[in-house]
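In: what shape does this take:
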Amino acid sequence: PLDPRALRANLEQSREDYRAAVDGATQALGMLDAGDPLGQQATLVAVRQVLALAAGRERPLTLAAVATPVGAQRRQACLSMDAAALAAAVGRRLRLEATDLQALTTAAMVHAVGLSRLPPQLRDESRLRGRDELAEFRQYPRLGAAMLREYVGFAPEVIQIVEQHRERQDGSGFPAGARGEQIHPLAPIVGAIREFQVLANRNGPPMPAAA
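Out: Residues are numbered from 1 along each chain as shown. Predicted structure coming up:
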């Protein structure tokens, strides 16, 4: 039989692990946004932490909501960390090789860095109004890829996944309208995670089941 006290202890530790992972993601994304040369290394550390949590058996990764109100930067870090955690879980389920799993998880962690290069009113895609705002918003994957190219350590695969994670097989995606084999095979996974997060957080508190 399961020990309730042990379960509570594991859950509390999982929450602490989650908070620590969000702290790491917040620091890494802030460094990337500021152009800090150590931003890539901080991202790698954060990704390793997520992969270690995803591989845990006694305390499997828990996507625990932050209980206290958070600022915009930390909220984005929470979304990025959760995206990386979901990518790690999907990658493990697909039995990806270690290099592909790390590329997928890293790309998920940094997939939205380009949003910081947009005006604040354009960063929430659920509130976009008009074709001009939509067209400008749809450049964020390209902006994110350009940011990552400024760092020596990001693998070309990671940059390609970030740039193409909103593309679709039929060419209806953005920013380039790529289709079929032009799209990195791992990019649609990050795109699906992004779509899930947008739906889950639309018009109020997160609703993962509805998404």
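In: number of residues surrounding Glu157?
Out: 18 (other CB atoms under 10 Å). Placement of C-beta: from N, CA and C, glycine included.
In: hmm, I typed the wrong one, I wanted Gln49.
Out: When neighbours are counted by other CB under 10 Å, Gln49 comes out with 18.
In: quick one: residues contacting it.
Out: For Gln49, the set of contacting residues under the criterion of CB atoms under 8 Å, 6 or more residues apart in numbering consists of 20-21, 24.
In: mind picking out the helix or strand in this structure with the poorest mean pLDDT?
Out: Within the chain, no helix or strand scores below helix 4-34, which has a mean of 86 by mean pLDDT, DSSP states H and E.
In: buried subset of the contacts of Gln49, written for ChimeraX?
Out: Here is the ChimeraX command that selects only those of the contacts of Gln49 that count as buried (16 or more other CB atoms under 10 Å):
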select :21,24
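In: quick check, nearest of the contacts of Gln49 to Gly71?
Out: Nearest to Gly71 among these: Gly24, at 16.8 Å, using CB to CB.
In: can you pull the contacts of that closest one?
Out: When the contact criterion is CB under 8 Å, 6+ apart, the partners of Gly24 are 42, 45-46, 49.
In: among those, name the buried ones.
Out: When neighbours are counted using 16+ other CB under 10 Å, those contain these buried positions: 42, 46, 49.
In: so the second one is in which element?
Out: The one in question is Ala46. helix 39-55 (DSSP states H and E).
In: that helix vs helix 4-34, what angle?
Out: Counting by axes from the mean of the first three to the mean of the last three CA atoms, to 10 degrees, helix 39-55 lies at 160 degrees to helix 4-34.
In: what residues sit buried inside helix 39-55?
Out: Neighbour counts over helix 39-55 (16+ other CB under 10 Å) mark 39-40, 42-44, 46-47, 49-51, 53-54 as buried.
In: any chance of these in a markdown table, with pLDDT and distance to Thr105 too?
Out: As requested, these are exported to a markdown table (pLDDT from 0 to 100; distance: CB to CB, whole Å):
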| residue | pLDDT | distance to Thr105 |
| --- | --- | --- |
| Gly39 | 95 | 17 |
| Gln40 | 95 | 14 |
| Ala42 | 95 | 15 |
| Thr43 | 96 | 10 |
| Leu44 | 95 | 10 |
| Ala46 | 93 | 10 |
| Val47 | 95 | 5 |
| Gln49 | 89 | 10 |
| Val50 | 89 | 6 |
| Leu51 | 91 | 6 |
| Leu53 | 81 | 11 |
| Ala54 | 81 | 8 |
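In: distance to Arg179 for the residues you listed - can I get that in a markdown table?
Out: Compiled in a markdown table, the buried residues of helix 39-55 are given as follows (distance: CB to CB, whole Å):
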| residue | distance to Arg179 |
| --- | --- |
| Gly39 | 32 |
| Gln40 | 30 |
| Ala42 | 35 |
| Thr43 | 29 |
| Leu44 | 32 |
| Ala46 | 32 |
| Val47 | 29 |
| Gln49 | 35 |
| Val50 | 31 |
| Leu51 | 31 |
| Leu53 | 35 |
| Ala54 | 31 |
